[in-house]
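Enquirer: this one's structure only:
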């Protein structure tokens, strides 16, 4: 055995044997290693081949992200008033909300006294220049987000870029109403308190029922002496106070304190008719159309004329008053017609044409305006300022009393606005002369003749009425043409149609 082992092992070569043994013990590389290397090589080639499609995808993704960003930015830059991209942005301080400059201008003109977004008290409005820079950048990236040219022109006309604005201070809250806890007693008027702000005290002040209940004035006894109710605010007032006034037409008193311009009877020529500020009020007033017998054509012609001449109802009222003042009886016919009775709810005391009428209330001024607006339009048409086709219309024979003037076609064809023509006196009948009056020279009384007796008038005999002997058919036959007479129909007869 030892010999065999010695013969099989090569002599003198121990290193080679060890190397062979080591080679047989070394682990081979995993086959997946080669596959990974091959995959990496193939992927690299594929990436080089697919690079144009990848670039298109990335560009499309970037474009979508940019569009989404532009939309979100445009939404963030919307004005809180007009809900669109701001034009000439301004910032409201101190709340720091931003709006279009033109929107804030309109907000202030409409009476806004605070921030349009949060309604907080605002002090000033300044141009928002950083916001304008962001808007300009957005419009460079997306010009389609720009506002319409007409909107930009309107905004520039209302607000000049870079201009500072100031929101007006809110008005003070109205004082709490002086509610009377007890409706059985009268409360003092503004002039009853001593050392009041008006500088005049009532000669007979009203006691405050809360302070002096024993001397309080009970309303069951009527109004306190020297006091009355204002015709506008209906508050208790002093009749002889310097601020008080009285209408010379309806004889209603006004306090001149509560509502300036309304709680007062103004001068006759300068008063503003109630509810008649401009032409739009005339259009909305049904009383104006009733003054023209609901003739809408004539009213529209008058309204177009007033619009072209830029005339207001107050000017019409003034001209009516000046015309009435030139009449012999002045305003007395209006008083006799009861024109001012409805205004005060009570008949106007009797007077005459010499009664001074210097002050008038707003309601009575409106009554005069409606009473005289039709005749004023008749006089105004005579000035010849209307178009020829309007003046060339024929006058309707029935005048303003025409029943067909509500028909639009008839109203356009004929004129119903003209002064009433005086009616011709009716001729006296021949039998209206006195029976004793001489009718000829033979009937005249000659001097020296005995007096003639008056003619004897016998009473007419009361005879029964004479009945006609002819039938109605015979009478109709004699009065009508025989050719058109219809033969009497008998039973069973028929007529062809």
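Expert: Nice, I can see it. Since we're looking at a predicted model, the values are computed, not measured.
Enquirer: for the stretch 51-200 of the chain, which spans come out with low pLDDT?
Expert: Within the stretch 51-200 of the chain, the stretches with pLDDT under 70 are 51-52, 171-183.
Enquirer: all helices of it, in order?
Expert: Secondary structure of the stretch 51-200 of the chain (DSSP state H, counting those that start in this stretch): helices located at 101-109, 129-141, 149-158.
Enquirer: how about these in a markdown table, adding mean neighbour count and distance to residue 336?
Expert: For every residue, glycine as well, the C-beta is placed using N, CA and C. Output for these, formatted as a markdown table (neighbours: other Cβ atoms under 10 Å; distance: least, Cβ to Cβ, whole Å):
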| stretch | mean neighbour count | distance to residue 336 |
| --- | --- | --- |
| helix 101-109 | 20 | 48 |
| helix 129-141 | 14 | 71 |
| helix 149-158 | 13 | 55 |
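Enquirer: Go through the ones you listed and name the closest to residue 308.
Expert: helix 149-158 (25.9 Å; Cβ to Cβ).
Enquirer: helices and strands around that closest one, which ones?
Expert: Contacts defined by 3 or more Cβ pairs under 8 Å, 6 or more residues apart in numbering; DSSP states H and E place helix 149-158 against helix 101-109.
Enquirer: quick one: the helix it packs on to helix 149-158, angle?
Expert: Helix 101-109 runs at 50 degrees relative to helix 149-158, counting by axes from the mean of the first three to the mean of the last three Cα atoms, to 10 degrees.
Enquirer: for helix 101-109, packing partners?
Expert: Going by 3+ Cβ pairs under 8 Å, 6+ apart, helix 101-109 lies up against strand 89-93, helix 149-158.
Enquirer: What residues sit buried inside the following helix or strand past the last one?
Expert: Just to be clear, that refers to helix 149-158. The helix or strand immediately downstream of helix 149-158 is strand 227-229, counting by DSSP states H and E. For strand 227-229, burial by neighbour count (16 or more other Cβ atoms under 10 Å) applies to 227-228.
Enquirer: What strands flank strand 227-229, and is each parallel or antiparallel?
Expert: strand 236-238 (antiparallel) (DSSP bridges).
Enquirer: contacting residues around the partner strand?
Expert: Residues from elsewhere that reach strand 236-238 (Cβ atoms under 8 Å, 6 or more residues apart in numbering): 186-187, 189-192, 200, 202, 206, 223-224, 226-230, 244, 253-255, 257.
Enquirer: let's see it at 6 Å
Expert: The contact list for strand 236-238, computed with Cβ atoms under 6 Å, 6 or more residues apart in numbering, reads 189, 191, 202, 227, 230, 255.
Enquirer: how's the protein carved up into domains?
Expert: The chain resolves into domains spanning 89-158, 279-415 when parsed by automatic domain parsing.
Enquirer: So which of the ones you listed is nearest residue 217?
Expert: Of the domains of the chain, nearest to residue 217 by Cβ to Cβ is domain 279-415, at 22.9 Å.
Enquirer: Endpoint to endpoint, that closest one covers what distance?
Expert: 23 Å (Cα to Cα, to the nearest Å).
Enquirer: try stretch 212-224
Expert: Using Cα to Cα, one end of stretch 212-224 lies 15 Å from the other.
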